[in-house]
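>>> sharing a sequence plus its predicted fold:
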Amino acid sequence: MPKIDLKKENKEFYSPSTREVSVVDVPRMKFLMIDGQGDPSTSKEYQDAMETIFPVAYKIKFTSKKEKSWDYVVMPLEGLWWVDNMEDFSLDDRESWNWTVMIRQPDFITENLIKKAMEEVEKKKNPPVLSKIRFESFDEGLSAHIMYIGPYGEAEAPAVGKLHEFIEKEGYKIRGKHHEIYISDLRRTKPEKLKTIIRQPFE
C-alpha cells in the first residue's frame with residue numbers, strides 16, 4: 001500500500017493563498033488532542049503537551065504500518081486558541097489563552113491502534129501528560145483561511161485581521177475558535193520562513 005499524505009489528498013485544506021482569503025467547508029476529521037491553558041512560549045503545560053502528542057502520533061503511524069500495512073505521513077501540529085469571551089481574544093495577551101493542540105489521524109486509525117501505541121509509548125518514554133490525550137472527531141464546517149509566512153505571535157496580527165475583515169465584509173459572523181495549522185517544522189525552519197495556516201470558522 002502506498003504511503004498516504006492527507007496534505008496532498010486534501011490540498012484545499014492545507015495550501016491556501018498567502019495573499020487572498022479563501023473559504024473552505026471543513027468536514028469532520030479525527031484528531032489526537034490535548035487541552036491546556038497559558039502562553040505557549042512560556043507554559044510548562046504546553047511543553048509537556050508537545051513532549052507527549054508527537055511521540056504518540058509517530059507510534060500510532062508505526063503501529064499502523066506494522067500491524068495493518070497502512071502507512072501514512074504524520075500530519076502537522078494544529079492548535080485551537082480561545083478565551084472565555086472571544087471578543088476579548090488578543091494575540092498580545094497569550095497568558096489568558098486556552099488551547100487544544102491536535103494532530104489529524106487518517107480515517108482508518110482506530111481506538112484499538114491508539115491504545116496499543118499509547119501503551120508502547122508509556123513503557124518506553126512515559127511522557128508527562130499521556131493521560132490527557134483524547135481521540136475525537138472535530139467538525140469545523142465553513143471557515144475562512146489564509147497562509148501566513150513569518151514568526152509566531154503578534155506578527156500574525158495583519159493576517160488575522162484580514163480574515164476577520166473578510167468575514168465581516170461578506171456579511172457573516174465569526175464563530176468558534178482561532179485555528180492555526182503549523183505546516184513548517186519549527187526545528188528546521190527560520191522564523192521568517194515559517195508557514196502557518198490561519199483559519200477562522202464563521203456562520
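Now that the structure is in, tell me what you want to look at.
>>> wouldn't residue 100 be in contact with residue 32 here?
No. With contacts counted by CB atoms under 8 Å, residue 100 stays clear of residue 32, the gap being 10.4 Å. All C-beta spots, glycine's among them, are computed from the backbone N, C-alpha and C.
>>> between these two, who's got more neighbours?
Using other CB atoms under 10 Å as the criterion, residue 100 and residue 32 rank with residue 32 on top: 24 against 20.
>>> any idea what that one is bridged to?
Counting by DSSP bridges, residue 32 is bridged to residue 103, residue 135.
>>> against residue 148, how distant is it?
24 Å (CB to CB, to the nearest Å).
>>> next one: residue 102
Counting by CB to CB, the gap from residue 102 to residue 148 is 19 Å.
>>> what about the two, which has more around it?
residue 102 (27 against 24).
>>> please enumerate the helices of the protein.
6-9, 11-14, 44-68, 111-124, 157-169 (DSSP state H).
>>> okay, those helices, which one's buried deepest?
Per-stretch averages of neighbours, counted by mean count of other CB atoms under 10 Å, single out helix 44-68 among the helices of the chain, with a mean of 18.
>>> angle of that one against helix 111-124?
120 degrees (axes from the mean of the first three to the mean of the last three CA atoms, to 10 degrees).
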